[in-house]
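# next one to model:
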Amino acid sequence: MAETDLFKTGKQRVKVSLTEAQSKEILKNYGVPVVEETVVLSSKEAVTRAGMMGFPVVLKGLGTKLTHKTERGLVKLNLRSRAEVQAACREIREAAGDDLEGFLLQPLIAGKREFVAGLFRDQQFGPVVMFGLGGVFTEALKDVVFRIAPLSETDAQGMIEEILSRKLLGAFRGEAAADQKQLIAVLTGLARLGIERSEIREVDINPLLISPDGRVTAVDALVIVNPADAADQSNLVEDRMPEEVRAINAALDKMTHARSIAFIGANRSGGRGFPGLFANIQAFGFPGKLYPINPRAAEINGIKAYPSLAALPEPVDLVVIAVPAPLVPAALQECVAFGCRNIHIFSSGFQETGEEEGERLQREIERIAREGKLNVIGPNCMGLYVPASRILTWSEAPGQSGPVSMISQSGGNAQDFTNHAAARFGIHFNKVISYGNALTLDSTDFLEYLGNDEDSRIIAMYLEGVKNGRRLLKLLAGINRVKPVIILKGGLTESGARAVSSHTGSMAGGEKIWDAVFRQSGAVKVNSLEEMAEVTLAFLNLREFQGRRVAVIGSGGGIGVAAADVCTQAGLDLCSLQPEVTQKLREFIPPAGNMIRNPIDAHILFMNLDVLGKTLSLLSSGYVDMFIISLHLDWMYDQDGGAGIEKVAAYLAQSARHYTNGKPLVVVWRQYRSDSKYAEKRALLVRILLQAGIPVYEGIPQAASALAKLASYHEFQRKHIDAEKS
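As a prediction, this is how the structure comes out:
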């Protein structure tokens, strides 16, 4: 049957499973190596063709309703005679019943190593490719990985290297290594199929067999189509139109640098309703013009109030709406009429409630906003925090501006993160956008804006839902080549999988899809706001480096085993020092009480800082790539009342950098006593180090995680930039 005829019988149906033969015909056209086979319609023809093909053979039942054939007893292997083929036909016919449309005859392909590859469509990200361990182990072990189409050869190679059972793809027990070019062709071919053939809903190749000579063959395949999907390309749209992007960027620039702001619903401080926002921006020292809109007040907090936007002497750069949800539609209509297009809707009570009235109100305000071409941040959000412009719509935040910007779906997380990062690590922010329900502007619009913003060196994001996953992926991949994007994704454990028929779809879920997003885009994944701050600190202060070999240098407290476990789990290499290195270390570190394997546990290094300098200089001359200095502050305080802590801090902040050959160095502290005298010295240590640009953490796990994520980010940059050059 010609491929152009494959879908004719199913055009009126919602979902159609193609036969195995039809499925393989499609896959073959996309570079997937498939087993040579023939379709037969009778047992007599099967016997004749088997004799011509040569024994042993494989016989399968064929039919659009015959999925999961092995479970139904419709696959007969290693048939060695005409009589066995005849008997197999009879058994298959009895098991399949009226669902049988014919038989599929194949030569028996030798091979013990079975893998799986496939394709399905995610509602947010469109076509997604899967690869992993196949056969009966696919669902039992779930050793599978995903990537979002399209795939580069680099992406495909990454999938192959990522599965836990990757050793089976190398030379294994006398069998040759799998043909990497064929494997890459399978994965990139599936990705092209997903992009070009929107009517194809799912593909499942299982097993993808590796022969003893390394050849790769698709032995079984299932393609599920939904012809109605052919016209729906919505999940393949990756970009807004260029003129639309320029207009949105200009609008966001005007909002974050606003010189005039109107507050619809402003009230006096201490009054009922929504008094906070107007008072907050006043207290933060906004230097521009403020226009409170309240028909029941002559003035608010000493500033003349106006009954409506129409009463203002001029259009404003930004309108903040803080009225009850039922009044928001009228407020938006007033914005449209007066020509104020840049809006922040603080008000809640819309779609986030999950209630019918809230959802109706959101549909209404979205219609007004889109028809009026309004640029809306919100509703249900805190809005903007821009220290340089003195814009702040929540109660307290640091006034100092910095190089980090944040996009947060949650206003609470935006406040908590900025306050924590500033108080704990001295991290300050350039622009923070809390956007809530994302009425007309969403995370991708803010990401594109900040990606082009020279003042934003690092972008942090807190995401829950995503409207356009493909646009997000494309933007992340582009921006991460220039500046890091650090993401805390909420809701990863919620099942994102639809009810699907193939193994490929059933193996997918929200967390696995997002793992693919992180790996393909180079975005840095964190699991908490605290970790986001720790990783941001590393990116702010440490230059690019290569390698993952880490030296842990400390004193006492049993750091050895714990450090080894923590570094390995984080993805760092706590490398053993070569005999030539330990011999050189012994020249200035005496044996008594001083361990010089990695970790180096030696009190003398912190009692004689010249010895610490020699140690750093030796190790940084080609033996390690980074340093973690672990300080036991209780012990150090007890030596001299804390004077040594300050001395070590000053040394690490200044002199130590001359001995590290540019290798990154971070400090961790350990303190177990709660007396104020110990805490005061710890605070002094932290302050000295942070002011000098030395990241300092509470414990080795935090430091190791931050360094590992920094290493992964730079590896991504080098890998993909080199691939683009070649």
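# use CA for all of it now, contacts and neighbours both
Noted.
# which stretches of the stretch 201-350 of the chain aren't confidently modelled?
For the stretch 201-350 of the chain, applying pLDDT under 70 flags the ranges 229-238, 269-275.
# for it, which segments count as strands?
Along the stretch 201-350 of the chain, the stretches classed as strands by DSSP state E, counting those that start in this stretch are 216-218, 221-225, 260-264, 289-293, 299-300, 303-304, 318-321, 342-345.
# domains of the chain?
36-108, 242-467, 544-719 (automatic domain parsing).
# so how far is the second one off the chain centroid?
The chain centre lies 26 Å from the centre of domain 242-467; the measure is Cα atoms, centre = their mean, to the nearest Å.
# distance between the ends of stretch 478-489?
End-to-end distance of stretch 478-489 (Cα to Cα, to the nearest Å): 19 Å.
# can you give me the buried ones in stretch 144-152?
Buried residues in stretch 144-152, counted by 16 or more other Cα atoms under 10 Å: Val144, Val145, Phe146, Arg147, Ile148, Ala149, Pro150, Leu151, Ser152.
# among those, which ones are in strands?
Judged by DSSP state E, these include Val144, Val145, Phe146, Arg147, Ile148 as members of strands.
# okay, these in TSV with pLDDT and distance to Leu665 next?
Output for those, formatted as TSV (pLDDT from 0 to 100; distance: Cα to Cα, whole Å):
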residue	pLDDT	distance to Leu665
Val144	94	36
Val145	95	34
Phe146	96	35
Arg147	97	34
Ile148	96	36
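# where in the stretch 601-726 of the chain is pLDDT low?
For the stretch 601-726 of the chain, the stretches with pLDDT under 70 are 723-726.
# can you show me the helices along it?
604-607, 609-619, 633-640, 643-653, 676-691, 700-725 (DSSP state H, counting those that start in this stretch).
# what's the fourth one packed up against?
For helix 643-653, the helices and strands in contact under the criterion 3 or more Cα pairs under 8 Å, 6 or more residues apart in numbering; DSSP states H and E are helix 633-640, helix 676-691.
# now Trp372: how far from Ala337?
Quick fix: residue 372 is Gly, not Trp. 9 Å.
# doesn't Gly426 make contact with Leu690?
Yes - using Cα atoms under 8 Å as the test, Leu690 is close enough to Gly426 to be in contact (7.3 Å).
# distance to Ile210 and mean neighbour count added to the helices and strands packed on helix 643-653, as TSV?
Shown next, in TSV, are the helices and strands packed on helix 643-653 (distance: least, Cα to Cα, whole Å; neighbours: other Cα atoms under 10 Å):
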stretch	distance to Ile210	mean neighbour count
helix 633-640	57	17
helix 676-691	54	16
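# among these, which comes closest to Gly73?
Among those, the nearest to Gly73 by Cα to Cα is helix 676-691 (67.2 Å).
# touching the closest one from outside, list them.
Contacts to helix 676-691, defined as Cα atoms under 8 Å, 6 or more residues apart in numbering, come from residues 425-426, 633-634, 637, 642, 645-646, 649-650, 652-653, 671, 695-696.
# if we use 7 Å, what do you get?
Defining contact as Cα atoms under 7 Å, 6 or more residues apart in numbering, one finds that helix 676-691 is touched by Phe425, Asp634, Gly642, Ile645, Glu646, Ala649, Ala650, Ala653, Pro695, Val696.
# what's around the third one, how many residues?
Just to be clear, that refers to Gly642. 19 (other Cα atoms under 10 Å).
# how about it, what does it touch?
Going by Cα under 7 Å, 6+ apart, Gly642 touches Met636, Lys681.
# turn the contacts of helix 676-691 into CSV, including distance to Ser17.
Compiled in CSV, the contacts of helix 676-691 are given as follows (distance: Cα to Cα, whole Å):
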residue, distance to Ser17
Phe425, 56
Asp634, 68
Gly642, 74
Ile645, 70
Glu646, 71
Ala649, 67
Ala650, 70
Ala653, 66
Pro695, 56
Val696, 57
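# ok, of those, which one's closest to Asp253?
The closest of the contacts of helix 676-691 to Asp253 turns out to be Phe425 (Cα to Cα; 28.0 Å).
# quick check: phi and psi on the closest one?
Phe425 has phi and psi values of phi -120, psi 0 when expressed as degrees, to the nearest 10.
# tell me which of the helices of the stretch 601-726 of the chain sits nearest to Leu27.
Using Cα to Cα, those put helix 700-725 closest to Leu27, at 26.7 Å.
# in the closest one, what counts as buried?
Those would be 700-717, 720, for helix 700-725 by 16+ other Cα under 10 Å.
# again with stretch 86-97
Across stretch 86-97, burial judged by 16+ other Cα under 10 Å covers Gln86, Ala88, Cys89, Glu91, Ile92, Arg93, Ala96.
# now do stretch 322-337
Under 16+ other Cα under 10 Å, the buried positions of stretch 322-337 are Ala322, Val323, Ala325, Pro326, Val328, Pro329, Ala331, Leu332, Gln333, Cys335, Val336.
# out of the strands of the stretch 201-350 of the chain, which gets nearest to Phe545?
Here strand 216-218 is closest among these (Cα to Cα), at 37.8 Å.
# related to what we said a few turns ago, nearest to Phe125, of the helices and strands packed on helix 643-653?
Of all the helices and strands packed on helix 643-653, the one in closest proximity to Phe125, counting by Cα to Cα, is helix 676-691 (40.0 Å).
# report the angle between that closest one and helix 633-640.
Here the directions of helix 676-691 and helix 633-640 differ by 110 degrees (axes from the mean of the first three to the mean of the last three Cα atoms, to 10 degrees).
# helix 676-691 to helix 643-653, inter-axis angle?
Computed by the same axes, to 10 degrees, the angle separating helix 676-691 from helix 643-653 equals 10 degrees.
# just give me how far helix 676-691 sits from the chain centre.
Relative to its chain's centre, helix 676-691 lies at 35 Å (Cα atoms, centre = their mean).
# hang on, the earlier thing: what is in contact with Gly372 and Ala337 at once?
Counting by Cα under 7 Å, 6+ apart, nothing touches both Gly372 and Ala337.
# what sits against the nearest residue to Ala523 once chain neighbours are set aside?
Spatial nearest neighbour of Ala523, excluding adjacent residues (Cα to Cα, 6 or more residues apart in numbering): Val485 at 5.2 Å. With contact set as Cα under 7 Å, 6+ apart, Val485 has these partners: Ile458, Ile459, Ala460, Ala523, Val524.
# so Val485 bridges to which residues?
Ile459 (DSSP bridges).
# and the pLDDT for it?
On the pLDDT scale, Val485 is placed at 99.
# the most centrally placed residue in the chain sits in which helix or strand?
Geometric centre of the chain, nearest residue: Phe518, 3.1 Å, by Cα atoms, centre = their mean. In this assignment (DSSP states H and E), Phe518 forms part of helix 510-521.
# quick one: buried ones out of the contacts of helix 676-691?
For the contacts of helix 676-691, a burial check counting by 16+ other Cα under 10 Å picks out Phe425, Asp634, Gly642, Ile645, Glu646, Ala649, Ala650, Ala653, Pro695, Val696.
# what about the nearest residue to Arg457 once chain neighbours are set aside, which helix or strand?
Leaving out its chain neighbours, the residue that sits closest to Arg457 by Cα to Cα, 6+ apart is Pro403, at 5.3 Å. Here Pro403 sits within strand 401-408, counting by DSSP H and E.
# what is that strand packed up against?
Judged by 3 or more Cα pairs under 7 Å, 6 or more residues apart in numbering; DSSP states H and E, strand 401-408 is in contact with strand 429-434, strand 458-463.
# direction included, what does that strand pair against?
Partners of strand 401-408 in its sheet, by DSSP bridges: strand 429-434 (parallel), strand 458-463 (parallel).
# so which bits of that strand are buried?
Neighbour-count burial for strand 401-408, counted by 16+ other Cα under 10 Å, picks out Ser401, Gly402, Pro403, Val404, Ser405, Met406, Ile407, Ser408.
# which among those residues gets closest to Phe346?
Of all the buried residues of strand 401-408, the one with the least separation from Phe346 (Cα to Cα) is Ser408, at 14.2 Å.
# which residues does the closest one contact?
For Ser408, counting by Cα under 7 Å, 6+ apart, the contacting residues are Ala414, Ile433, Ser434, Tyr435, Met461, Tyr462, Leu463.
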